[in-house]
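Colleague: Pasted the sequence and its predicted model underneath.
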Amino acid sequence: MIRDLLYKWFKTPQGKVLRHNESLFLRRNLSVTSMQCLLQIGFLGWERDFLNGYCAQNSFIMDSSLHYLVPCSYLVGQPYLLPFETESIDFVILPHFLEFADDFSAILDEVDRVLKPEGEVIIIGFNPWSWFASDYSLARTLNKISLPNHALSRAQLSNRLLSLDYEVEKVAGFDCRKHYQVPQEYRRRAESYFVTAYALRGIKRCHNVTKLDTLDRYLGLSVVKPI
């Protein structure tokens, strides 16, 4: 599998730096309480780097194949049909998973179904405009490992989340240097478009609609309808 080949790259010096940066970001941005539930779609193998013991007690990892030595509950299944009730999950993480999906929109639709109102989804993906993209896809120069089938741009994922009425934040950019950065911290803002990988956070917003007759009874006023 291409995913397995890619994860071997994460054991190289450059890959270890990227893995550290992404794990540090997740560790700082995941705050799951005892009453909340977290779902990670796609097994990485270094979950212990960012899922602490308290967080792992309330977490599930789901993948299409069985893996061992995971720090929390593990499920085997398909991301297009998540085995969870509607609006039952507080946080969803998709780390380097959507690049390998045949239909990333269908997966995000299913994530939207299981996510609670005001729940969050964090997506980490490779940047197709990265300085390293041509090396990955054309010559397999980086330890002979190619880029995933079709890396998705931030714009593609942002537009899809916006279409589902999510509030979208472009949280961070990762490269093979020693720390991650938000776009505003780059020497030139344009550099943020060429990072190796990126993270997006989507917050599920639900807009409650109050019916006119309910509002009328609450305010004690008559609602005049146009003729």
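Modeller: Yes, it's here. Numbers count the residues shown, from 1 in each chain.
Colleague: what helix or strand is residue 20 on?
Modeller: Using DSSP states H and E, residue 20 maps to helix 13-29.
Colleague: Just the C-alpha atoms of the one helix or strand residue 123 maps to, please, in CSV.
Modeller: Residue 123 is located in strand 115-126, with elements delineated by DSSP H and E. Below are the C-alpha coordinates for strand 115-126, written out as CSV (Å, rounded to 0.1, in the frame of the first residue of the first chain):
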residue,chain,number,x,y,z
LEU,A,115,-19.9,15.2,14.6
LYS,A,116,-21.9,17.0,17.3
PRO,A,117,-22.9,20.6,16.8
GLU,A,118,-19.9,22.9,17.6
GLY,A,119,-17.7,19.8,17.3
GLU,A,120,-14.3,20.1,15.6
VAL,A,121,-12.6,18.3,12.8
ILE,A,122,-8.8,18.6,12.3
ILE,A,123,-7.4,17.6,8.9
ILE,A,124,-3.6,17.2,8.2
GLY,A,125,-2.6,16.7,4.6
PHE,A,126,0.3,17.1,2.3
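Colleague: So residue 123 is in contact with residue 101, correct?
Modeller: No: judged on CB atoms under 8 Å, residue 123 makes no contact with residue 101 at a distance of 11.5 Å. C-betas here are computed from N, CA, C, even on glycine.
Colleague: With neighbour numbers in mind, choose between those two.
Modeller: residue 123 (28 against 20; other CB atoms under 10 Å).
Colleague: so who does the more buried one touch?
Modeller: Residue 123 sits next to 94, 98, 157, 199-202 when contact means CB atoms under 8 Å, 6 or more residues apart in numbering.
Colleague: in its sheet, what does the strand holding residue 123 sit against?
Modeller: Within its sheet, strand 115-126 is paired with strand 89-95 (parallel), strand 197-204 (antiparallel), according to DSSP bridges.
Colleague: who wins for proximity to residue 35 among those strands?
Modeller: strand 89-95 (8.5 Å; CB to CB).
Colleague: what angle sits between that closest one and helix 13-29?
Modeller: Calculated by axes from the mean of the first three to the mean of the last three CA atoms, to 10 degrees, strand 89-95 forms an angle of 170 degrees with helix 13-29.
Colleague: tell me which helix or strand of this structure sits lowest on mean pLDDT?
Modeller: Across the helices and strands of the chain, the lowest-confidence element by mean pLDDT, DSSP states H and E is helix 133-134, at a mean of 48.
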